[in-house]
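K.L.:
requesting a structural model of the entry that follows:
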Amino acid sequence: MLKLKALIVDDEYPARQELRYALSKIDNVEVVGEAANAQEALTLIKALDYSVLFLDIAMPGINGLELGAAIQELARPPHVIYVTAYDEYAVKAFDVNAVDYILKPIDEKRLRQAVNKVLKLSRENDSEAGVNGESRAEPTIRIDRLPAEKNGKVVLVNEGDIVYAFTEGDAVFLKTHADRYLAHFTLKELEARLNPNVFFRTHRCFIVNLHKVKEIIPFFNSTYSLVVEDKERSEVPLSRDRKST
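P.N.:
Numbering: from 1, shown residues only. Just a heads-up that it's a prediction; the model follows:
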């Protein structure tokens, strides 16, 4: 059984104990270290090959986001799962390749989901390692929940709930069945992050979830519109140069 070596980094001792207890219920995780600040964490990370780092954000001195960025410079950085009371840092967390972002108080189901993501990535690393035991390049981490903003609050939108993404002026939005959210990515960045087997760039201003397409109707000049399964039954344009791809 694959066992993840975990390091908990949080300046509050009760928070570390709570997380250690929650992780003790997950068979695939072994907590082998704790740190109360970023400097302690860096010393431990350089001394031992950790699989995953459970990292708080608000800490004295170097904060969790700065530590997350710093460890990306290492040859084999551990995967990072942020565990924090603050939801407003989700966008910046994913900018430093965080695997997941969990809000306190800890929900054990969400914690297991985050651990399962790391397990999946670790198994992919093992299965794709070279026959001579040489380390391979780390895979691109694809996040299945995207940080976005609604009414001034950052939320994490499930990839499968996105019907389409679009630009409006200088802003990019994610459209779900009944809501729309402001994304802090360009459309090109979204295209790179979303599952390419499901999401398709239909137009320079639109990306559509192919699972949400209800109908294809002719428009004009050999173009088409895609009727999608949101509340408004919106029509997404399919430009002429994309219809044959």
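
K.L.:
what is the neighbour count of residue 160?
P.N.:
13 (other C-beta atoms under 10 Å). For the C-beta atoms, the positions are set from N, CA and C on the backbone; glycine is no exception.

K.L.:
go on, residue 192?
P.N.:
12.

K.L.:
show the average pLDDT along the helix or strand it falls within.
P.N.:
Residue 192 is part of helix 187-193 when elements are defined by DSSP states H and E. On average, the pLDDT along helix 187-193 is 87.

K.L.:
quick one: contacts of that helix?
P.N.:
142-143, 146, 165-167, 172, 183, 185, 199, 201, 204-205, 207 (C-beta atoms under 8 Å, 6 or more residues apart in numbering).

K.L.:
give the pairing partners of whichever helix or strand comes after it; include direction for each.
P.N.:
Following helix 187-193 in sequence order, the next helix or strand is strand 199-203 (DSSP H and E). If you go by DSSP bridges, strand 199-203 pairs up with strand 206-209 (antiparallel).

K.L.:
beyond the strand it pairs with, next helix or strand please.
P.N.:
Following strand 206-209 in sequence, per DSSP H and E, is strand 213-218.

K.L.:
please compute how far that following strand lies from its chain's middle.
P.N.:
Taking C-alpha atoms, centre = their mean, to the nearest Å, one finds strand 213-218 lying 31 Å from the centre of the chain it belongs to.

K.L.:
which strands and helices lie in contact with that strand?
P.N.:
Secondary-structure packing of strand 213-218 (3 or more C-beta pairs under 8 Å, 6 or more residues apart in numbering; DSSP states H and E): strand 224-228.

K.L.:
so residue 113, which state does it fall into?
P.N.:
Following DSSP: H, G, I helix; E, B strand; the rest coil, we place residue 113 in the helix state.

K.L.:
if I pick it, what's in contact with it?
P.N.:
Counting by C-beta under 8 Å, 6+ apart, residue 113 has contacts residue 100.
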